[in-house]
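J.: Sequence first, then the predicted structure, then my questions.
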Amino acid sequence: MFIGLRSSKHVVLASVNKAVSDSLLTRERSLRSECINHSFVYASPLPVGRLVVQLADKAQVCTQRSWKRPYGVGLLVAGLDELGAHLYYNCPSGNYFEYQAFAIGSRSQAAKPTLRGKLIKHGLLAVKETLQGEKLTSSICTVVIVGVDEPFHKLNLHPLQELIDVLEAEEAGTSEPQREGDQSAMQEDRNPDVAPMDI
């Protein structure tokens, strides 16, 4: 199950960790190659929308050929270009849509009503809704962020667990103001020269 949320300057992806097949790693390299080739040929970064269209075209061709098998999974694409942050959903049929917040995968319907408000908090809440009683911890989930003046990065386990602890405290009604030590721990993953995120 994958969840994506975006603001004007940032995109957050959150998921429950599963075993990753080698074929998925190959797709990741394929997308990077598309971006590198475009940058080399045109001396400018590939717009996120154009990459999504290329992915959609590949998926759609598979639905028109009798000897090809259509893709069986959708894909959430998060990216940042000169127009701002983007979150797209590529359907197996070749359709694609841009969203502010979206969830795909097993039990994603349980997450969709939660996809409002602040990005990381609600991303974690939406993931928690899909766990069906299992405790949410940093060891079973992943949160990645990309934003204006903030490169793509994954939250480390310690800061992520602190966010989860704050979320649990708020749900239990024992929320307290964030301590100075907590704030410094949250900054571990960030470039010190980058402004804090607008979330």
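T.: It's in.
J.: What helix or strand is His158 located in?
T.: helix 157-172 (DSSP states H and E).
J.: now that helix, how far from the chain's geometric center?
T.: What separates the centre of helix 157-172 from the centre of its chain is 19 Å, taken as C-alpha atoms, centre = their mean, to the nearest Å.
J.: What are the buried residues along that helix?
T.: Going by neighbour count (16 or more other C-beta atoms under 10 Å), the buried part of helix 157-172 is 159-164, 166-167. All C-beta atoms are positioned from the backbone trio N, CA, C, and that covers glycine.
J.: ok, so of the residues you listed, who is nearest Arg50?
T.: Leu160 (32.1 Å; C-beta to C-beta).
J.: Quick check: closest non-adjacent residue to that closest one.
T.: Spatial nearest neighbour of Leu160, excluding adjacent residues (C-beta to C-beta, 6 or more residues apart in numbering): Ser138 at 4.1 Å.
J.: Need the contact partners of stretch 120-138.
T.: 1, 3, 5, 12-16, 101, 103, 106-108, 110-112, 114-116, 140-141, 143, 145, 157-158, 160-161, 163-164, 167-168, 199 (C-beta atoms under 8 Å, 6 or more residues apart in numbering).
J.: From these, which land in strands?
T.: 3, 5, 12-16, 101, 103, 141, 143, 145 (DSSP state E).
J.: Throw these into a markdown table and include pLDDT and distance to Ala126, thanks.
T.: Shown next, in a markdown table, are the ones in strands among the contacts of stretch 120-138 (pLDDT from 0 to 100; distance: C-beta to C-beta, whole Å):
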| residue | pLDDT | distance to Ala126 |
| --- | --- | --- |
| Ile3 | 89 | 5 |
| Leu5 | 88 | 8 |
| Val12 | 90 | 10 |
| Leu13 | 91 | 11 |
| Ala14 | 89 | 7 |
| Ser15 | 87 | 10 |
| Val16 | 83 | 11 |
| Ala101 | 85 | 8 |
| Ala103 | 87 | 6 |
| Cys141 | 91 | 11 |
| Val143 | 89 | 11 |
| Ile145 | 85 | 16 |
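J.: If anything else comes up later, I'll come back, but that's it for now.
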